[in-house]
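1. Sequence plus predicted model, see below.
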Amino acid sequence: MKLIDGGVTAAKGFEAAGAEAGIKYRNRKDMALVFTKEPAVAAGTFTTNVVKAAPVLWDQKILAKGEPVHAVVLNSGIANACTGEEGNEHNRQMAAAVAETCSVGVEEVLTASTGVIGMQLCLEPIKKGAVLLKDALSHSREGAKAAAEAIMTTDTVSKECAVRFEIEGREVSVGGMSKGSGMIHPNMATMLSVITTDANISHELLQEMLSNVVSDTFNMISVDRDTSTNDTCLVLANGMSGAEEIKSGTDACEMFKKALFTVACELAKQMAADGEGCTKLLEVTVEHAHTKEEAKLLSKSVITSNLVKTAVFGSDANWGRILCALGYASVDFNPEVVDLTLSAKGRESLILVKDGVATDYSEDLATELLAQQYVTVVCDMKQGEGEATAWGCDLTYDYVKINGDYRS
């Protein structure tokens, strides 16, 4: 398996586009379309928030039927959440507009929205955008980039990833895009993600794989402890690679799962690294916990701690905040055996704490490591074999500035 330069058009048969529809923004792309002429099996995971946006409800209803789909249409600027029956109808109209231009059924079009909660979508720009998107559809790398750019809100960069591998001599590709910068918290994030593949796989197995992969990737990131109303991750598989059908328990199954995990993990890290106002990506690995689930709770507790996040922003090796965050994670462990190791990508490691007590480490070196853009912390619990990694970012003054007037 190898990483390639690509996004949602990396897999055979998929086209994509972005367009300036004028939904809320001016002079920027705000609608995206991912399309396959060949029908695709689809799987999805969604927000755990009780308050769910209209597109989330629409997609859940369609995916529950297990029928093939052809398209995903996405808009930015307006979330279409908390908009009642009118919002549900506008979401259906968005799907219908794309269905008409692409000559497919309305329930063969999945939807996703992101932006301000409570505002109604206007149908005129939606219908205009559907035509623009159809005319701009492309298999090219540029088509994928345009789609990824169109779903950005407070994101500072678009987010894409693609990989390629072989099954019995046939090339299979998995490519994806996502958006997410604020209101990001496990489980899922204020994220929209569309992943495409030309693999041949059943709806049931694809859903099982996606749920497992999301648990270790998108569900392990946090920016600000807020879980959105719109979180959506969709995977479409059109089978156009010509490879044999992927079956559970086979080598092909393991390879595909690895590819799906790689794309999801890279997209998750890109979102954490682009947290609103942030300057650093924080990666926390908990090893030797009693179980994997306990390791997840512990690592999430550290990356979501505002005190840890502000210490990282200030390049302050305040390791006591890390131990404190581990201690309130509702996991039983012996604090007198815990080791904490600090490092930065491509740099040497520094043991801050050994057996629950500070070492004679260099504060200057610790500050230097914390000043890097990719900071890592390893928490060795010395309890068992459970391990998990979570990703977050520092908390800065700019986060407050961005969110203080986001709606207006």
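-> That came through fine. Note that this is a predicted model, so its numbers are computed, not measured. Residues are numbered from 1 along each chain as shown.
2. Report the next helix or strand after the longest helix along the chain in sequence order.
-> Longest helix in the chain by number of residues (criterion: DSSP state H): helix 251-273. Downstream of helix 251-273, the next assigned helix or strand under DSSP states H and E is strand 281-289.
3. just to revisit the earlier point, now the angle between strand 281-289 and the longest helix of the chain, please.
-> Inter-element angle recorded for helix 251-273 and strand 281-289: 130 degrees (by axes from the mean of the first three to the mean of the last three C-alpha atoms, to 10 degrees).
4. Show me what helix 251-273 is packed against.
-> Where contact means 3 or more C-beta pairs under 8 Å, 6 or more residues apart in numbering; DSSP states H and E, helix 251-273 is packed against strand 159-167, strand 170-179, strand 192-197, helix 203-216, strand 281-289, strand 386-393. Glycine gets a C-beta too; all of them are placed from N, C-alpha and C.
5. Dump that helix to PDB, restricted to CA.
-> Output in PDB follows, covering the C-alpha atoms of helix 251-273 (Å, rounded to 0.1, in the frame of the first residue of the first chain):
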ATOM      1  CA  ASP A 251      -6.000 -11.000   3.200                       C
ATOM      2  CA  ALA A 252      -7.900  -8.600   0.900                       C
ATOM      3  CA  CYS A 253     -10.200  -7.600   3.700                       C
ATOM      4  CA  GLU A 254      -7.200  -6.800   6.000                       C
ATOM      5  CA  MET A 255      -5.500  -4.800   3.300                       C
ATOM      6  CA  PHE A 256      -8.700  -2.800   2.600                       C
ATOM      7  CA  LYS A 257      -9.300  -2.100   6.200                       C
ATOM      8  CA  LYS A 258      -5.700  -0.900   6.500                       C
ATOM      9  CA  ALA A 259      -6.200   1.400   3.600                       C
ATOM     10  CA  LEU A 260      -9.400   2.800   4.900                       C
ATOM     11  CA  PHE A 261      -7.800   3.300   8.300                       C
ATOM     12  CA  THR A 262      -4.900   5.200   6.800                       C
ATOM     13  CA  VAL A 263      -7.100   7.600   4.900                       C
ATOM     14  CA  ALA A 264      -9.300   8.200   7.900                       C
ATOM     15  CA  CYS A 265      -6.400   8.600  10.300                       C
ATOM     16  CA  GLU A 266      -4.600  11.100   8.100                       C
ATOM     17  CA  LEU A 267      -7.800  13.100   7.600                       C
ATOM     18  CA  ALA A 268      -8.500  13.100  11.400                       C
ATOM     19  CA  LYS A 269      -5.000  14.300  12.100                       C
ATOM     20  CA  GLN A 270      -5.300  17.100   9.500                       C
ATOM     21  CA  MET A 271      -8.500  18.300  11.200                       C
ATOM     22  CA  ALA A 272      -6.900  18.200  14.600                       C
ATOM     23  CA  ALA A 273      -3.900  20.100  13.300                       C
END
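6. so who does residue 331 touch?
-> Residue 331 is in contact with 289-290, 294, 297-298, counting by C-beta atoms under 8 Å, 6 or more residues apart in numbering.
7. Could you rerun that using 10 Å?
-> By C-beta atoms under 10 Å, 6 or more residues apart in numbering, the contact set of residue 331 is 286, 289-291, 293-298, 301, 381, 383, 386.
8. got it, and residue 283?
-> For residue 283, counting by C-beta under 10 Å, 6+ apart, the contacting residues are 220, 269, 272-273, 299, 303, 343-345, 374-378, 389-392.
9. ranges for the helices of the stretch 301-408 of the chain?
-> Counting by DSSP state H, counting those that start in this stretch, the stretch 301-408 of the chain has helices at residues 306-313, 319-327, 363-370, 397-404.
10. which of the contacts of residue 283 are buried?
-> For these, a burial check counting by 16 or more other C-beta atoms under 10 Å picks out 220, 269, 272-273, 299, 303, 343-344, 375-378, 389-392.
11. and the helices and strands packed on helix 251-273 as JSON lines, adding distance to residue 242 and mean pLDDT?
-> Putting those into JSON lines (distance: least, C-beta to C-beta, whole Å; pLDDT from 0 to 100) gives the following:
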{"stretch": "strand 159-167", "distance to residue 242": "10", "mean pLDDT": "97"}
{"stretch": "strand 170-179", "distance to residue 242": "5", "mean pLDDT": "97"}
{"stretch": "strand 192-197", "distance to residue 242": "13", "mean pLDDT": "96"}
{"stretch": "helix 203-216", "distance to residue 242": "18", "mean pLDDT": "96"}
{"stretch": "strand 281-289", "distance to residue 242": "38", "mean pLDDT": "96"}
{"stretch": "strand 386-393", "distance to residue 242": "35", "mean pLDDT": "94"}
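12. Out of the helices of the stretch 301-408 of the chain, which gets the lowest mean score?
-> Among the helices of the stretch 301-408 of the chain, helix 397-404 carries the lowest mean pLDDT, a mean of 72.
13. Counting by contacts, list what that helix packs against.
-> For helix 397-404, the packing partners by 3 or more C-beta pairs under 10 Å, 6 or more residues apart in numbering; DSSP states H and E come out as helix 306-313.
14. Poorly predicted segments of the protein, please.
-> Across the chain, residues meeting the criterion (pLDDT under 70) sit at 181-190, 223-228, 277, 402-403, 405-408.
15. Which residue, neighbours along the chain excluded, lies closest to residue 207?
-> Nearest residue to residue 207, sequence neighbours excluded (C-beta to C-beta, 6 or more residues apart in numbering): residue 43, at 4.0 Å.
16. so that neighbour bridges to which residues?
-> Beta-bridge partners of residue 43, counted by DSSP bridges, are residue 235.
17. any idea how far it lies from residue 63?
-> According to C-beta to C-beta, to the nearest Å, residue 43 stands 7 Å off from residue 63.
18. sorry, back to before: residue 150 is nearest to which of the helices and strands packed on helix 251-273?
-> strand 170-179 (9.1 Å; C-beta to C-beta).
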